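below are the sequence and a predicted model; questions follow.
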Amino acid sequence: MPPTTDKRQQRNISAIDQWVMGFDRVMRTISPGSTRSHRPSPAKDIPSSTAQPSALDAKTKRHIGGLMRINHTGEVCAQALYQGQALTAKTDTIKAAMQASAKEEEDHLAWCEERLSQLNSRPSYLNPLFYGLSFGMGAIAGAAGDKWSLGFVAATEDQVCQHLR
């Protein structure tokens, strides 16, 4: 009996299958409630008195909902940037890194959606537009070359960090 290996075989995926999978990713990103997190929410351990929307007055709840809508839109844009860059990446390594980053961001997207739901709020109606523009920017950055693409990611993350301060 030949020895078994742990190496996974890569499947050849047709161009049509790739297009369908890409379209599915777009729809899951811009359709509220269709993204699921792969990790537990970091808010799960926050005491209920501060995490529960019922403890908030209407004005505060509306304000927090607006802030979460902005955060959610940022996560939609992050998905689009990474997906656009993965599409036009010059090397398989960079493509895989962009796809992995997009996968990791799915948790953030799901957590924002969860909080919006808790607050009886909603995502932005403009998310499809923001997605399209961000995807285009990511695709252009990827097409410019992997060096430019990685620089674009670094600059974007720097802006996010400055925003969070």
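Okay, I see it. Numbers count the residues shown, from 1 in each chain.

may I ask which helix or strand of the chain has the lowest mean pLDDT?
Using mean pLDDT, DSSP states H and E, the weakest-scoring helix or strand in the chain turns out to be helix 48-51, at a mean of 56.

show me what counts as buried in the following helix or strand past it.
Downstream of helix 48-51, the first helix or strand assigned by DSSP states H and E is helix 58-88. Residues of helix 58-88 classed as buried by neighbour count (16 or more other C-beta atoms under 10 Å): 61, 64-65, 68-69, 71-88. C-beta: built from backbone N, CA, C; applies to glycine.

poorly predicted segments of the protein, please.
1-10, 47-51, 163-165 (pLDDT under 70).

how far away is residue 23 from residue 89?
Residue 23 sits 19 Å away from residue 89, taking C-beta to C-beta, to the nearest Å as the criterion.

what strand or helix carries the closest residue to residue 82 other than its chain neighbours?
Nearest in space to residue 82, with sequence neighbours left out and distances taken as C-beta to C-beta, 6 or more residues apart in numbering, is residue 102 at 3.8 Å. Element membership of residue 102 [criterion: DSSP H and E] is helix 92-118.

and that helix, what does it pack onto?
helix 58-88, helix 146-164 (3 or more C-beta pairs under 8 Å, 6 or more residues apart in numbering; DSSP states H and E).

I appreciate the help and will end here.
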